[in-house]
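>>> predicted structure and sequence below. I'll ask about it afterward.
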Amino acid sequence: MEHKLFSPISINNLNLTNRIVVAPMCQYSAIEGSATDWHLMHLGQLSISGSALVFIEATAVEEKGRITPGCLGLYSDDNQIALEKVIKFVKRYGNTKIGIQLAHAGRKASTEIPWLGGKPLSHDNSDSWETVAPSSEAYNSNWPSPLELDIQGLEYIKKCFVNSAKRAIEIGFDIIELHMAHGYLIHQFLSPISNTRTDKYGSTFENRIRYPLEIFKAIRDEISSDYPIGVRFSATDWVEFSSWNIEEATKFALKLKELGCDFFDVSSGGNSPKQNIVSGPAYQTRFASRIKSEVGIPTIAVGQINEPLQAESIISTGQADLIAIGRGMLYNPRWAWHAAEVFKKESAYPPQYARSHHSLIGLPIPGNPQTK
Ligand SMILES: Cc1cc2nc3c(=O)[nH]c(=O)nc-3n(C[C@H](O)[C@H](O)[C@H](O)COP(=O)(O)O)c2cc1C
């Protein structure tokens, strides 16, 4: 039987050597939005992981769009210089393609970093800021009410997305993912739980998807048509009374495809403390599968995909085109090397590590200066 996990795939002009993706994961280790030496270490190890593609963490398009004061941003020249240093470094020594996830946290911004509690920063904390959202509903009763965005505010954030996308391309990112999931700003527009506007950006499905589509189009219009850009969205709110579910998400995905979206990364939840998530191994894959079959562009499944055979089965049965792994990659950044061994496939490794295991045959990372 021909295994598929280690077969190549293209997303627009980006050629990937296998189907393994590292999911975007916030590191809360930036200073004023700028990457630090932690990012060299974190992304350095992932760039030699043998995965085809590593997405860096949610990167805010404006200062107010950061989830925490430690979140990465790409809204200033300083941010750009710091991130470029990291990306040049990982491209010099590593061999994965590197993607960026552009984001705005909306009403879920201005919180403590998780290991300090993760709660909303109180108003008297000098690190806090006023959050913005489609409507003034707070995320939860003990969270601050965000400022409802007016048309000027919407235009401003749209421009911020475009500017950050241009900066990302200048830095040398291979692919851009827009974060429309997990209850952050764009998801807040999509869901009736967080969007109670009465203007053209709220209430009906067509109105709720309008601003997210405008953001996508504004970026697509500004960048080359062969540059890969896609979207991570939540396929459902996991809330019974919300209409943001797989039906609406599928219709939204079809609209994104019409606008030139190159891939989807299908996640779920994050927009309501009332969510009732039914989780387990590969629990979101059925959403990816539905999107892939109904929309038909490269689709990434993510969420508790931890075993090589499970990953192989998702790809070879056509449920998704790629699988992304988050926590499993933090725990075992050599996941792809080990999976390659299971299927007797080759996986890229640094030649410095060639003697670590007999299965490391054939594919020393070509760009690594030590290879020459
Ligand atoms: C530490 C950590 C940080 C995360 N940060 C992000 C993020 O920046 N953007 C995002 O879309 N998802 C983020 N996620 C969610 C992951 O990308 C992934 O979807 C989720 O962990 C489920 O996959 P897993 O079961 O393989 O971990 C984060 C998850 C973890 C564990």
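Arrived safely, thanks for sending. This one's a predicted model, so the numbers in the text were calculated from it and none came from an experiment.

>>> now tell me what touches whichever strand or helix holds Lys91 from outside.
Element membership for Lys91 (DSSP states H and E) is helix 77-93. For helix 77-93, contacts defined as Cβ atoms under 8 Å, 6 or more residues apart in numbering pick out 32-36, 39-40, 43-44, 46-48, 54, 59, 72-74, 96, 98, 167, 170-173, 350, 365, 367-369. The way it works is simple: take the backbone N, C-alpha and C, and place the C-beta from them, glycine included.

>>> is there proximity between stretch 281-288 and the ligand?
No. Contact of stretch 281-288 with the ligand (Cβ under 6 Å from any ligand atom) is absent, the minimum separation being 7.7 Å.

>>> if you could redo that for stretch 220-239, that was the one I meant.
Yes. Applying Cβ under 6 Å from any ligand atom, one finds stretch 220-239 touching the ligand at Arg232.

>>> from the ligand, how far out is the residue nearest to Leu213 when sequence neighbours are not counted?
Among residues not flanking Leu213 along the chain, Lys255 sits closest, at 5.8 Å (Cβ to Cβ, 6 or more residues apart in numbering). Separation of Lys255 from the ligand (Cβ to the nearest ligand atom, to the nearest Å): 21 Å.

>>> circling back to that earlier point, now intersect the contacts of helix 77-93 with the strands, please.
When DSSP state E is applied, the contacts of helix 77-93 are split such that 54, 59, 98 fall in strands.

>>> now rank the residues you listed by neighbours and give me the top one.
For those, the largest number of neighbours (other Cβ atoms under 10 Å) sits with Thr59, at 31 neighbours.

>>> near the ligand, which residues of this structure?
23-26, 57-58, 101, 179, 181-182, 232, 267, 302-305, 325-328.

>>> one more time with 8 Å
By Cβ under 8 Å from any ligand atom, the residues of the chain that approach the ligand are 23-27, 55, 57-58, 67, 101, 103, 114, 179, 181-182, 232, 265, 267, 284, 302-306, 324-330.

>>> in stretch 53-63, which residues are buried?
Going by neighbour count (16 or more other Cβ atoms under 10 Å), the buried part of stretch 53-63 is 53-63.

>>> wait, is Tyr156 part of a helix?
Yes. Under DSSP: H, G, I helix; E, B strand; the rest coil, Tyr156 sits within a helix.

>>> give me the below-cutoff pLDDT ranges for the stretch 1-150 of the chain.
Low-confidence segments of the stretch 1-150 of the chain, defined by pLDDT under 70: 1.

>>> let's see 90
1-3 (pLDDT under 90).

>>> average pLDDT across stretch 347-367?
In this model, stretch 347-367 has an average pLDDT of 76.

>>> so the residue lying closest to Asp127 once chain neighbours are set aside is in which element?
Among residues not flanking Asp127 along the chain, Pro69 sits closest, at 4.7 Å (Cβ to Cβ, 6+ apart). For Pro69, there is no host helix or strand (DSSP H and E).

>>> residues contacting Pro69?
Per Cβ under 8 Å, 6+ apart, neighbours of Pro69: 113, 121, 127.

>>> what do you get for Leu72?
26-27, 30, 33-35, 39, 56-60, 66, 79, 83.

>>> just to revisit the earlier point, report the buried residues of the helix or strand containing the residue nearest to Leu213.
Element membership for Lys255, per DSSP H and E: helix 246-258. Neighbour counts over helix 246-258 (16+ other Cβ under 10 Å) mark 246, 248-250, 252-253, 255-257 as buried.
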